[in-house]
Structure formats: C-alpha cells, structure tokens
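Asks: for reference, the sequence and a predicted model appear below.
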Amino acid sequence: MGLIREAVTSLIPATRALEEGPFPLTAARLLEVMGGTPTATGMRVSPESALSLTAVWDAVDMISGDIARTPVPLYQRTNQGRTKADANRLHYLLNTAPNPYMTAYTFKQALQGHKMLRGNAFANIERDSSGEPVALWPLRADVMERPVISQAGTLIYRYTMENGTQVLMPQSEVLHLRGFSNDGIWGMSPITVHRETIALGMAYRAFSAKFFGNNASPGGVLQVKQRLTKEAAERLREQWEIAHKGMDNAMRVAVLEDGVTWQAVGMALDDAQYIESSKLNRIEVASIWHIPAHKVGELDRATFTNIEEQDLDYEGAVLDREYANWDQQLNKDLLLPQQQATFYFEFMRQALVRATIDKRSEAYSRAWWMKPNEIRDRENMDRIPEFDEPFIPANNVLPLSLVVKKVDAEIEKANQPALPAPVRQLRRTDEGYELRLVSGD
C-alpha cells in the first residue's frame, strides 16, 4: 500500500477535512493563511480567495468541468490503425475510478482546477510490484514544494502529509501537470501573476456590498447650526445610522430636528461608471484563461451567431491545448517506456461537441472516411452488422461490397458472347398455318 493510500485511509474514521492538517508554515503558505498577497487596492489575493470572485469561479469551473467530462481512452496501435484498450487497467483509472474513493470525473476536475489556480497539479502514482499503475491519488498543490533535480537527472518531490510528516517522492511516482512555465519544471500561478486584476474585481464587489449596506446611497453629512461636543456629534451619527443605514431601513422617512440638515457627498454608481468598469474587469479576468466573455455572464455584445463562433474558438483554442497537455503528460508519466511505442492516451475531443441534429447530419454526410457504425457509436445507437464497412461517397446509399457485387455482375453479363437471333418460319398444314422456331432461343 502506498504512502498516500495509507494517509487517506487513516483519515476516513476521523472524517477530517484536508484543511485541518498541521502543515508547516512556509513563506508561501503563511501568505495564504494571512489571506493572500497584498495588492494596490488593499485586497489580499490567494487561490482560495480568488474563487469568491464570480468570473474566476466561472472560468475554473467551466474548463475543469469540460476536461473532466471528456473521455480519455487508452489506445493500442495495430496494423490496421488503432483500437481501444478497454481491458487495460490504465483505461479504467482515467475513465471510471482512479482510486476507491472518487470517480474519474472528480479526479480530472480537481487536477485541472489546481493547475488553473496554482499553475501546478499533482497526483501520486501507486504502482504494483511490476511497476504498473494501480491507483492515482490527487495531492494538494499548496503543500508540494518545487522539485529538485537529482544526480541521476530526475526530479525529486517533497510533499507534506496531513500529520506534518514530509515525504520524498521520485519522479516515477508523481503525475505533474504544469501551466505556463519559464523553466519547464514549475508552473506559474495565474492568480499570482494577475493578482492586481483579480484584486480590482474583489474591490468592486466589496464596494458594492458596502454601498448597498448603506441603503444604496452615497455618504453624506448631517449639518447643524450650533457647535456640538464630540459626544453629541457621535451620538447624532449613531442615531442616524441606526434609523437609516442598511437595506432593512430603505425608504424610511427621515425626521430631522430643528436646525439639522442632510447633505449628500460622493457620486452615484452610474456617475462613476461603476457598472462599465465592473463589466470590463469581468472580461479581463476571463481573458486570463482565454474564456469568452459570455461564459462569465457578460452578454452585452453577444448574439446567437457570435456566441456559436466563440464556442468553437473556445473548444479549439482553450480546450484543445488543455487536452494536449493532459495527453502528453499521461503518456509520459503513466506508461512504461516499453509501452509507449504501442499504447497512448488521447482525449476524445469530438465527444464534447454536440451540435444540432441538422449540423451533425450534414457533417456525417461529408465524412466519407467513417463507417456507418462509427457514426451510430457517436450517436449512442446500436450497431447494425451490415454497417461495418464504408458507404459509397457519391451518394451514401449502399454499402461498398454490394456495389462491387452489382458492378461485377454487370461486367460478367457484358462479357458473355452474343447469341444469334431466333429464326422462325410460317408453314402451311392441313389445319391451317403455324409459326415454327427453326434456330436460336
């Protein structure tokens, strides 16, 4: 049993949350405990606090969910092309259950989310005595230290367990997904790189909360004709806030004592172009992960046509490169060297695309290279025995073998020697006349 399996199993009876572990306070973790890196707005930003911003949540949830729901079959190369290696243990780990406690969807979603927030995602590879992977255990990216290069030229990872114990893991035991990296070893956290942009969105949200907490009105001053003592001024302010501050006190009638007047100060939200600035920030946050604006709720310039085009761009420019990252890392980390020439992982990209039935039919009619049963597989329909061969591209109405048989029959008939025309004679008999066949058919 691997170290990670033992650690997870030991936590099951106690039902302890991962966040409750006594992890040592490194400099990076100390910043997270304090709320994240300070910014110019005064807001502290960390991967966890950034998720409270709607645009960040939408982007991370959108991409990680799409990655998680896409099958990633294990293929085996053959003389005829390739075939799915459904019976292989690795296929089961990545498409059904990577370990006894989670589904493949949950596993892929967690790792993709870690990579998007922290720039790195890790999983422990539990292997049997022959070196074959038998389980995959996701690891917390915030307690994994940057790996070092050993004398053998491989990476060594240091990970802190729940009880505070640090363990060393060789490269062969770690599945490591990286985001953008300047050295190819450690990915850069988008949250850290773009903390000011995210902090601005958090500041907009905090300002809105305070604004509506003050009855959606700007601040102001209570003016009196006579000079008040400090105690009297504080009492007047508190009485005014108790009576009029907050949404519960909205639209209440103010009763001002003799000589007291209210003067509003500051600008309303529309005057400060708050709404426009908030929308722009949502778009900027979405652009960190190249998410189209409509996927984070920004629909001002959205139409049916351009949303469809943006979705296609999202699938090609965003998801496709994430698939490529996963494909190559899975092939490198999970397959043994002797397996890599025969087996390989590849995300089933077409499984995510689900156009209308008209568009699918049009696409299938042009896909002359596909067998009808392959089309039926994509449409989740039962196979038909006669549909295991390609159709004629010209009209797609007959299987190729039947057309070949028909053509062969026509050729054979055309090659047969011509028969002489029948010869008939009209003869007279005692009973009259009769037509007799002399030669031919």
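Replies: Perfect, thanks for sending it. If you're wondering where the values come from, they're calculated on a predicted model, not measured in any experiment.

Asks: list the buried residues in the helix or strand that contains L111.
Replies: Element membership of L111, judged by DSSP states H and E, is helix 104-118. Residues of helix 104-118 classed as buried by neighbour count (16 or more other CB atoms under 10 Å): 104-105, 107-118. Glycine gets a C-beta too; all of them are placed from N, C-alpha and C.

Asks: let me know how buried the nearest residue to A97 once chain neighbours are set aside is, in neighbour terms.
Replies: Take A97 and drop its neighbours on the chain: the residue closest to it by CB to CB, 6 or more residues apart in numbering is T103, 5.9 Å away. Residues lying near T103 (other CB atoms under 10 Å) number 14.

Asks: ok, T103 touching L94?
Replies: No: counting by CB atoms under 8 Å, T103 does not reach L94; the two are 11.0 Å apart.

Asks: after the helix holding L111, next one along is what?
Replies: Counting by DSSP H and E, the next helix or strand C-terminal to helix 104-118 is strand 120-127.

Asks: the helix or strand that that following strand is followed by: partners in the sheet, and parallel or antiparallel?
Replies: Next helix or strand after strand 120-127 toward the C-terminus (DSSP H and E): strand 133-139. Taking DSSP bridges as the criterion, strand 133-139 forms sheet pairs with strand 120-127 (antiparallel).

Asks: need the contact partners of the partner strand.
Replies: Outside of strand 120-127, the residues within contact range by CB atoms under 8 Å, 6 or more residues apart in numbering are 1-5, 98-99, 107, 110-115, 133-139, 141, 144, 157, 159, 169, 172-179, 186-187, 333-334.

Asks: now list the buried members of these.
Replies: When neighbours are counted using 16+ other CB under 10 Å, the contacts of strand 120-127 contain these buried positions: 2-5, 98-99, 107, 110-115, 133, 135-139, 141, 144, 157, 159, 169, 173-179, 186-187, 333-334.

Asks: quick revisit: pick out whichever of the buried residues of helix 104-118 sits closest to F207.
Replies: L117 (24.4 Å; CB to CB).

Asks: between the helix or strand that contains I63 and helix 104-118, how big is the angle?
Replies: In the assignment (DSSP H and E), I63 maps to helix 54-68. Put simply, helix 54-68 runs at 140 degrees to helix 104-118, going by axes from the mean of the first three to the mean of the last three CA atoms, to 10 degrees.

Asks: tell me the mean pLDDT over helix 54-68?
Replies: Averaging pLDDT along helix 54-68 gives 93.

Asks: now do the buried residues in that helix.
Replies: Those would be 55-56, 58-60, 62-64, 66-68, for helix 54-68 by 16+ other CB under 10 Å.

Asks: does anything pack onto it? Which helices or strands?
Replies: Helices and strands touching helix 54-68, by 3 or more CB pairs under 8 Å, 6 or more residues apart in numbering; DSSP states H and E, are helix 104-118, helix 195-213, helix 274-288, helix 320-334.

Asks: nearest residue to W369 other than its sequence neighbours?
Replies: P390 (7.3 Å).

Asks: what's the burial count for that neighbour?
Replies: P390, neighbours per other CB under 10 Å, totals 17.

Asks: quick check, it in contact with M370.
Replies: Yes: taking CB under 8 Å as the definition, P390 is a contact partner of M370 at 7.4 Å.

Asks: the residue nearest to Q340 when sequence neighbours are not counted: neighbouring residues, count only.
Replies: Nearest residue to Q340, sequence neighbours excluded (CB to CB, 6+ apart): N331, at 6.4 Å. Neighbour count for N331, taken as other CB under 10 Å: 16.

Asks: which residues touch N331?
Replies: By CB under 8 Å, 6+ apart, the neighbours of N331 are 340, 344-345.

Asks: and it, how far from K413?
Replies: According to CB to CB, to the nearest Å, N331 stands 55 Å off from K413.

Asks: and if you look at V167?
Replies: According to CB to CB, V167 and K413 sit 79 Å apart.

Asks: also Y75?
Replies: Applying CB to CB, the value for Y75 to K413 is 46 Å.

Asks: quick one: which of the two has more around it?
Replies: The neighbour comparison of Y75 against K413 (other CB under 10 Å) goes to Y75, with 17 against 8.

Asks: surely the more buried one is in contact with F347?
Replies: No: shown here, Y75 and F347 do not form a contact pair, counting by CB under 8 Å, at 11.2 Å.

Asks: hey, what's in contact with both of those two?
Replies: Residues touching both Y75 and F347 (CB under 8 Å, 6+ apart): there are none.

Asks: poorly predicted segments of the stretch 301-441 of the chain, please.
Replies: 301-306, 308, 353-359, 368, 380, 391-400, 403-404, 417-428, 432-441 (pLDDT under 70).

Asks: revised request: answer the last question for the stretch 51-200 of the chain.
Replies: For the stretch 51-200 of the chain, no stretch is flagged by pLDDT under 70.

Asks: let's go with 80 and repeat that
Replies: Applying pLDDT under 80 to the stretch 51-200 of the chain picks out residues 80.

Asks: the closest residue to S64 other than its chain neighbours: what's it in contact with?
Replies: Closest residue to S64 apart from its sequence neighbours, by CB to CB, 6+ apart: Q112 at 3.9 Å. Contacts for Q112 (CB under 8 Å, 6+ apart) come out as 63-64, 67-68, 121, 177, 322.

Asks: distance to D382 added to those, as CSV?
Replies: Shown next, in CSV, are those (distance: CB to CB, whole Å):
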residue, distance to D382
I63, 34
S64, 33
I67, 29
A68, 28
A121, 38
L177, 37
E322, 33
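
Asks: closest one of those residues to E238?
Replies: Out of these, the member with the shortest distance to E238 (by CB to CB) is S64, at 47.6 Å.

Asks: doesn't P98 make contact with A104?
Replies: Yes: counting by CB under 8 Å, A104 touches P98, with 6.0 Å between them.

Asks: quick check on E346: phi, psi?
Replies: When quoted as degrees, to the nearest 10, the phi and psi of E346 stand at phi -150, psi 120.

Asks: contact partners for it?
Replies: Applying CB under 8 Å, 6+ apart, we find E346 in contact with 72-73, 75, 327.

Asks: next one: G65
Replies: Neighbours of G65 in contact, by CB under 8 Å, 6+ apart: Q109.

Asks: repeat that for L175.
Replies: Counting by CB under 8 Å, 6+ apart, L175 has contacts 111, 122-125, 136, 329-330, 333-334.

Asks: hang on, the earlier thing: save the helices and strands packed on helix 54-68 as CSV, and put in distance to S365 too.
Replies: Output for the helices and strands packed on helix 54-68, formatted as CSV (distance: least, CB to CB, whole Å):
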stretch, distance to S365
helix 104-118, 33
helix 195-213, 46
helix 274-288, 36
helix 320-334, 25
